[in-house]
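>>> got a predicted structure here, sequence first:
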Amino acid sequence: MASKQDDNADMDGSNVMKVLTKNELERLTEVFKMYETGVREAAIRPLDLAQAMKKLGLNPTETEIQDLINEVEMNGYIYYPEFCRIIMRKMREDDEENFHQELYRTFVGPKWTQNEPAELYNVHKEFLTFDQFKMVMTNLPDYVSESQAEEIFRIADKDGNGYISYTEFKRMCVVPKAESIPDKPFDTEDKPNGAGPPRDHAEKLFEKAKNGKAKNATIGAKVDTVVTAK
């Protein structure tokens, strides 16, 4: 039985720690260790991925969970580097979606009137009019003329119905990428009882996962040899 190969090379620990904030790295490592199997080095079982992600504040669908498992599972386990990679991606995707929704709500404006209760807000049922779009665009710190606002609106309105839907709005948005944290060890002064910084814990897990994968690859190769001989 051949071991499953990950299309992506092992994520270097320094790359992970450049993308994750200190709090994110600490929380991610803490949750991972809650589900670490003890059977393999720095690995969790696929069936624990959903609960681990929920503890990190993520809410993936069952389909998303299965897709992620199919992407990173190796020999029946999910190793720490792959866990970091998919959690980072999901965190950034959720951040981007929240950014889009809040920005769209700013353009559309409040949904209440003086004599009537506010309607439930559903971003996918809202439509941005040109007057609403112009109001925001022409009041930005950098000057935007009405003709420029009209041209931007026309380009964004892909179906030409005179409104910008949330889907159309997302297409025209460019979300700033998250800044990297400094590539240096974290201070330990704020850690209780002299505990090591999150970076140290993460580096140890990456090394354990690397050793565990190498061990499994050797076992897989021996199994393949036996099967082929038969």
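Arrived safely. Numbering: from 1, shown residues only.
>>> which residues of this protein score low on pLDDT?
For the chain, residues meeting the criterion pLDDT under 70 lie at 1-18, 39-40, 110-121, 174-201, 212-230.
>>> all helices for it, in order.
Applying DSSP state H to the chain gives helices spanning 13-19, 22-35, 49-55, 62-72, 80-108, 130-137, 146-156, 166-172, 198-229.
>>> tell me which strands and helices the second one is in contact with?
Helices and strands touching helix 22-35, as assessed by 3 or more CB pairs under 8 Å, 6 or more residues apart in numbering; DSSP states H and E, comprise helix 49-55, helix 80-108, helix 198-229. Bear in mind the C-beta positions are built from the backbone N, C-alpha and C, glycine included.
>>> before we move on, the earlier item: among the helices of the chain, which is nearest Asn122?
Proximity to Asn122 (CB to CB) singles out helix 166-172 among the helices of the chain, at 9.3 Å.
>>> so what touches that closest one?
Applying CB atoms under 8 Å, 6 or more residues apart in numbering, the contact partners of helix 166-172 are 100-101, 103-104, 107, 123-124, 126, 128, 152, 155-159, 164.
>>> now with 7 Å?
Outside helix 166-172, the residues that touch it by CB atoms under 7 Å, 6 or more residues apart in numbering are 100, 104, 123-124, 126, 128, 156-158.
>>> so which of those residues is the most crowded?
Neighbour tally across the contacts of helix 166-172 (other CB atoms under 10 Å): the maximum, 21 neighbours, falls on Leu128.
>>> tell me who's in contact with that one.
Residues in contact with Leu128 (CB under 7 Å, 6+ apart) are 107-108, 163-164, 169.
>>> so it versus Thr21, what's the distance?
Separation of Leu128 from Thr21 (CB to CB, to the nearest Å): 32 Å.
>>> related to what we said a few turns ago, out of the contacts of helix 166-172, the closest to Tyr143 would be?
Relative to Tyr143, the closest of the contacts of helix 166-172 is Ala156; by CB to CB it sits at 19.5 Å.
>>> the closest one against Ile164, yeah?
Yes. Between Ala156 and Ile164 a contact is recorded at 5.1 Å, counting by CB atoms under 7 Å.
>>> figure out which of the helices of the chain is closest to Ala43.
Taking CB to CB, helix 198-229 is the member of the helices of the chain nearest to Ala43, at 6.0 Å.
>>> no further questions, thank you.
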